[in-house]
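Undergrad: Sharing a sequence plus its predicted fold:
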Amino acid sequence: MLHQPQDRRAFLIASAAGVAGYSFGQPRLAATDRSSQPSRANLASEGGPVAAGGRAKSVILFFLCGGASHLDTWDMKPDAPAEYRGPFSPIATSAPSIQLCEHLPFLSKQAHHLAVINSVGSTVNTNDHHAGYYYNLTGHVPDQTFKSLGNDRRPYADDWPFMGSVVASRRPHHGALPSTITLPHMPSRKPYTRPGQFAARLGVDFDPLYVNGSVETPLSFQAPSLTLTGDVTKDQLQSRHQLLNQLDQARKRFEGSSKVEIWKQHQRRTMELLIASETTTAFDVSREPESIRDRYGKSVNAMSLLLARRLVEAEIPFVTVFWKGNDKLKDKCKSAGSWDTHGNNFGCLKENLLPEFDRAFSALVEDLAQRGLLDQTLLLVTSEMGRKPKIGDPRSGGVAGAGGVAGAGRDHWTHCLSVLMAGGGIRGGQTYGASDRFGEYPADHPVTPADITKTVYHATGIQDLQARDSQGRPYNLLDTGDPITALF
């Protein structure tokens, strides 16, 4: 049994080691100590599983990877000069106070469910993706290492935790499946994994389970941690697990190693998932009626939102959908095929990004509302940044202009972005805050990603954010920001 071929021996570590960020860089503090990774029981004793007050039993975070243009979606500036406003026009919606881009016709019919926050200032010292991810996913301002290391800045074990991991840490354990699930990919391609999407200092118990999807086969989702390779059965798996336990006991000299302790947590977590592999039926979107699938659309992002709805029905507390880019759009948009529209901003939005988003997200809102699940499910649409208000991106050879040519892109802009919310007790049909006349900076009721994150915690009823460090000292998981209670 000790000399199985590599593909047999690898089954136990299929994705747990990869999903939790164990190999993504070294900690700067002694945060990998087991004492710094509180158990669910310890966290529950800090503030209870869920504080009273929130309606949201689940959260679906739809993250538009690349940096979605706020000016061309839900914070349009029709009275600004042409070099700012672009060629798109706003349209009326089902909510008198909300205007959306003309290329969002499906979502305009669901606007009475939406709250649009147009005054999020999330300036970071790099004005780039890595720091933008971190700030908007954790609520914490990125530290100096993001500036000194740039895209080489790996996720650290002592980073501040992802908001989904915080929610997971405050909720009772959901049987075999983790309390936070991320799909259809882990941004971004290694070694440039984006910081901020992991539990970090909270410990690997609260890391998301990553479920993989592909552009080519959008109906197929796979959680590698839930897959047994070869002819390995559950009985064989349990037998090998007993052997591993015996070997662990024979290695007491390693008991003080923090990396070994993290490895044990990965093993335990993977075992739980593998033994309960029948739960993978939750990931089978092909079970949905074809009419439902057609309403969402055919893309992997659309099917990811449909899967998110299925996971909400399964009472998973936090589901993240990271927009998966299409390689076919790389040259057209001068990007990785997602919302990073350095070139041909308007052509890429009109012909590709907005139609796909419009159909899929509007379907999710409509679907949840019809099933009576919207009030208990908070929807959050955000990104790592907005786009530069003045058209023309030097990176793609562009100059100011409003046409659909390749050079008419928008560069990075972390100084202002818009966020959509719906459900979970949010009062629909409203706009909160405003940017200035060019969409460059927040002007009315400015908020930060910390305020957005605190609003998520408020919606889910989480009030106590106390945790303990490796020395047993209490600290606050997010001591800045306030929930936007006016939204509720």
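TA: Okay, I see it. Numbers count the residues shown, from 1 in each chain.
Undergrad: distance of the residue lying closest to residue 191 once chain neighbours are set aside from residue 98?
TA: Of all residues not flanking residue 191 in the chain, residue 154 sits nearest, at 7.3 Å (CB to CB, 6 or more residues apart in numbering). All C-beta atoms are positioned from the backbone trio N, CA, C, and that covers glycine. Residue 154 sits 40 Å away from residue 98, going by CB to CB, to the nearest Å.
Undergrad: Please apply the same query to residue 366.
TA: Using CB to CB, residue 366 is found at 16 Å from residue 98.
Undergrad: With neighbour numbers in mind, choose between those two.
TA: Legend: neighbour count by other CB atoms under 10 Å for residue 366 and residue 98, higher for residue 98 (22 against 18).
Undergrad: Enumerate every residue touching that one.
TA: With contact taken as CB atoms under 8 Å, 6 or more residues apart in numbering, residue 98 is in contact with 74, 111, 114, 116, 429-431.
Undergrad: By neighbour count, which of the residues you listed wins?
TA: In terms of neighbours by other CB under 10 Å, those top out with residue 111 at 29 neighbours.
Undergrad: pretty sure it contacts residue 94?
TA: Yes - Residue 111 lies in contact with residue 94 (CB atoms under 8 Å); the separation is 4.8 Å.
Undergrad: hey, what's in contact with both of those two?
TA: Common neighbours of residue 111 and residue 94, using CB under 8 Å, 6+ apart, are residue 429.
Undergrad: can you map out the helices along the stretch 151-300 of the chain?
TA: Ranges of helices in the stretch 151-300 of the chain, per DSSP state H, counting those that start in this stretch, are 163-169, 234-249, 258-275, 290-296, 300-313.
Undergrad: which stretch in those is the model least sure about?
TA: Comparing mean pLDDT across those, the lowest value falls on helix 234-249: a mean of 52.
Undergrad: hang on, isn't residue 452 packed against residue 121?
TA: No - using CB under 8 Å, residue 452 is not in contact with residue 121, being 10.9 Å away.
Undergrad: okay, the two: which has more neighbours?
TA: A count of neighbours by other CB under 10 Å puts residue 452 above the other of residue 452 and residue 121, at 23 against 17.
Undergrad: which SS state does that one fall under?
TA: helix (DSSP: H, G, I helix; E, B strand; the rest coil).
Undergrad: so who does it touch?
TA: Applying CB under 8 Å, 6+ apart, one finds that residue 452 lies in contact with 117, 120, 136, 139, 380, 382, 419, 481, 484.
Undergrad: The fifth one: which element?
TA: Read that as residue 380. Assigned by DSSP states H and E, residue 380 falls within strand 377-382.
Undergrad: Tell me the helix or strand right after that strand.
TA: The first helix or strand that comes after strand 377-382 along the chain, using DSSP H and E, is strand 386-387.
Undergrad: contacts for that following strand?
TA: Here strand 386-387 makes contact (CB under 8 Å, 6+ apart) with 67-72, 341, 345, 410-418, 439.
Undergrad: If we use 7 Å, what do you get?
TA: 67, 69-71, 341, 345, 410, 413, 416-418 (CB atoms under 7 Å, 6 or more residues apart in numbering).
Undergrad: Take those and lay them out in TSV including pLDDT, secondary structure and neighbour count.
TA: TSV is the format used below for those (pLDDT from 0 to 100; DSSP: H, G, I helix; E, B strand; the rest coil; neighbours: other CB atoms under 10 Å):
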residue	pLDDT	secondary structure	neighbour count
67	97	coil	28
69	98	coil	34
70	98	helix	26
71	97	helix	31
341	94	coil	30
345	94	helix	34
410	95	coil	28
413	97	strand	24
416	98	coil	28
417	97	strand	31
418	98	strand	24
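Undergrad: TSV for those residues, including distance to residue 332?
TA: Shown next, in TSV, are those (distance: CB to CB, whole Å):
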residue	distance to residue 332
67	17
69	15
70	21
71	20
341	9
345	11
410	15
413	21
416	26
417	23
418	24
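Undergrad: Pick the one among the residues you listed closest to residue 322.
TA: Nearest to residue 322, judged by CB to CB, of the contacts of strand 386-387 is residue 67 at 13.0 Å.
Undergrad: low-confidence ranges in the stretch 301-450 of the chain?
TA: Within the stretch 301-450 of the chain, the stretches with pLDDT under 70 are 396-407.
Undergrad: again, only using 90
TA: Counting by pLDDT under 90, the stretch 301-450 of the chain contains low-confidence residues at 314, 334-336, 393-408.
Undergrad: mind listing what's buried in stretch 147-166?
TA: For stretch 147-166, burial by neighbour count (16 or more other CB atoms under 10 Å) applies to 153-166.
Undergrad: next one: that stretch to chain centre, how far?
TA: Centroid displacement of stretch 147-166 relative to its chain, using CA atoms, centre = their mean, to the nearest Å, is 14 Å.
Undergrad: Could you shift the numbering so residue one becomes 543, and keep it that way?
TA: OK, 543 is where the count begins now, so the last one is stretch 689-708.
Undergrad: Check the burial of residue 633 by counting its neighbours.
TA: Count around residue 633 with other CB under 10 Å applied: 15.
Undergrad: need the strands for the stretch 643-792 of the chain, in chain order.
TA: 656-662, 722-725, 751-752 (DSSP state E, counting those that start in this stretch).
Undergrad: ah, wrong one, I meant the stretch 843-992 of the chain
TA: Counting by DSSP E, counting those that start in this stretch, the strands of the stretch 843-992 of the chain are 860-864, 919-924, 928-929, 954-955, 959-964, 972-974, 976-977, 984-986.
Undergrad: Parallel or antiparallel, which strands does the fourth one pair with?
TA: Using DSSP bridges, strand 954-955 pairs in its sheet with strand 928-929 (antiparallel).
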